[in-house]
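**Q** Quick one, what's the 3D model for this:
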Amino acid sequence: MSTTSEAVPVEIITARDVPLGGPRAMTVYRTLPQRRRSLIGAWCFCDHYGPDHVAATGGMDVAPHPHTGLQTVTWLFTGEIRHDDAQDVHAVVRPGEVNLMTAGAGTCHSEVSTEETDILHGVQLWTVLPEDARHGPRRFDHHVPDTVSFDGGEALVFLGSLLGETSPVHTFTPLVGAEIRLDPGASVDLVVDPGFEHGVLVDTGRITLEGTPVARTEIGYTGTGASTLHLVNTGDLQARLILLGGEPFAEEVVMWWNFVGRSDEETRSYREQWNDLDHAAERFGVTEGYVGHDQEGQRRLPAPVMPETPVRARTNPAPVARPGDDPYRPKDAR
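**A** Numbers count the residues shown, from 1 in each chain. All right, here's what the predicted structure looks like:
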């Protein structure tokens, strides 16, 4: 199961509920970043949402907003999202198709669930760009991965390499990202890079990772050193998981709102530039084509007020799992 004969230690990262825009506020489950751990490799943000009944919640409607120093990775299980950005990219995100937007020094985009969408369900992910790439140009990548079958399930590898499949999508640090479907009662030993730390997000099913139960919306985290990860679906329905992994990211980062920088001063300058309507386009460009659900709603999201105290760099723990209960984990999930 690992580079030793012992099971790999597993740390549980729980989600917190966060409202995502709109007067009825679609709820997302955010596992990264949080107090217990801010990064898994360069993965710095993980929102898990749905199945969300759009008629009841209003769905996703995020007006044009900025990003710096990161890549957005959108992956859907059901439903569709309209993506418009400052690169003049106008794309419909569909299930099983990865859409990756590189912000570089700055960009802006909007995200709206389509009128045809009844149920929206998926994950929104970010990765941190390293110093030698974070001031670079904008970029947009789209890829439809082939289904990889294995005994007891199948997978879609949208970033990096797994199960003999390699995604062509460019990343700036070594990463892996995949959707894994595991049949009822099935198990799999995933061969992974021992130089990576990994997290397994459970979307559906009753899952154990290295013998440790991981509940829905939770991430089971393993540090570096494991060459194989053992997953079991102990339930009677198919399970669906998202595997995230990468080399530990060594650079200190400051994350606030939609910006990733390296200092409080830099992050405050991004906010000021975005809120300066006369000059925002110089860094972030302009998003054309946004049509929200509410015709009277905001046409652009202003950056909120920053705290008076400096925003500090996020200090991530060492890439070693810390088994034991997360104090924020509900008792019935333990």
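**Q** and Ser149, how many neighbours?
**A** Ser149 has 11 neighbours, counted by other CB atoms under 10 Å. Heads up, the C-betas are built off the backbone N, CA and C, glycines and all.
**Q** Find the residue at the geometric middle of the protein.
**A** The centroid of the chain falls nearest to Leu125 when counting by CA atoms, centre = their mean (1.8 Å).
**Q** which residue sits closest to it in space, ignoring its chain neighbours?
**A** Nearest non-adjacent residue to Leu125, counting by CB to CB, 6 or more residues apart in numbering: Val73, 4.1 Å away.
**Q** same check, this time on Pro317
**A** Going by CB to CB, 6+ apart, Pro317 has Arg37 as its nearest residue, at 6.1 Å.
**Q** picking up where we left off before, so the residue nearest to the centre of the chain sits right up against Ala42, yeah?
**A** No - Leu125 is beyond contact range of Ala42, at 10.4 Å (criterion: CB atoms under 8 Å).
**Q** so where do the strands sit in the stretch 201-334 of the chain?
**A** 207-209, 212-214, 219-222, 228-233, 239-246, 254-256, 259-261 (DSSP state E, counting those that start in this stretch).
**Q** just checking, what packs against the longest one?
**A** So that's strand 239-246. Contacts defined by 3 or more CB pairs under 8 Å, 6 or more residues apart in numbering; DSSP states H and E place strand 239-246 against strand 43-53, strand 119-128, strand 175-182, strand 197-204.
**Q** Burial check on Asp17, number of neighbours?
**A** Using other CB under 10 Å: Asp17 sits among 9 other residues.
**Q** quick one: it from Tyr49, how far?
**A** 10 Å (CB to CB, to the nearest Å).
**Q** before we move on, what about Tyr221?
**A** From Tyr221 over to Tyr49 (counting by CB to CB), the distance is 20 Å.
**Q** which of the two has more neighbours?
**A** Higher neighbour count among Tyr221 and Tyr49: Tyr221, with 29 against 24, using other CB under 10 Å.
**Q** Now do the contacts for the more buried one.
**A** 10-13, 37, 40, 197-199, 321 (CB atoms under 8 Å, 6 or more residues apart in numbering).
**Q** Pull the most distant pair out of those residues.
**A** For these, the maximum inter-member distance is 14.6 Å, found between Ile12 and Glu197 (CB to CB).
**Q** which of the two has more neighbours?
**A** Glu197 (28 against 24).
**Q** That one pairs with what?
**A** Beta-bridge pairing for Glu197 (DSSP bridges): Gly246.
**Q** repeat for Leu162
**A** Going by DSSP bridges, Leu162 forms beta bridges with Glu165.
**Q** ok, it touching Asp193?
**A** No - contact criterion CB under 8 Å: Leu162 and Asp193 do not qualify, at 9.3 Å.
**Q** where exactly do the helices run in the stretch 1-150 of the chain?
**A** Using DSSP state H, counting those that start in this stretch, the helices of the stretch 1-150 of the chain run over residues 54-57.
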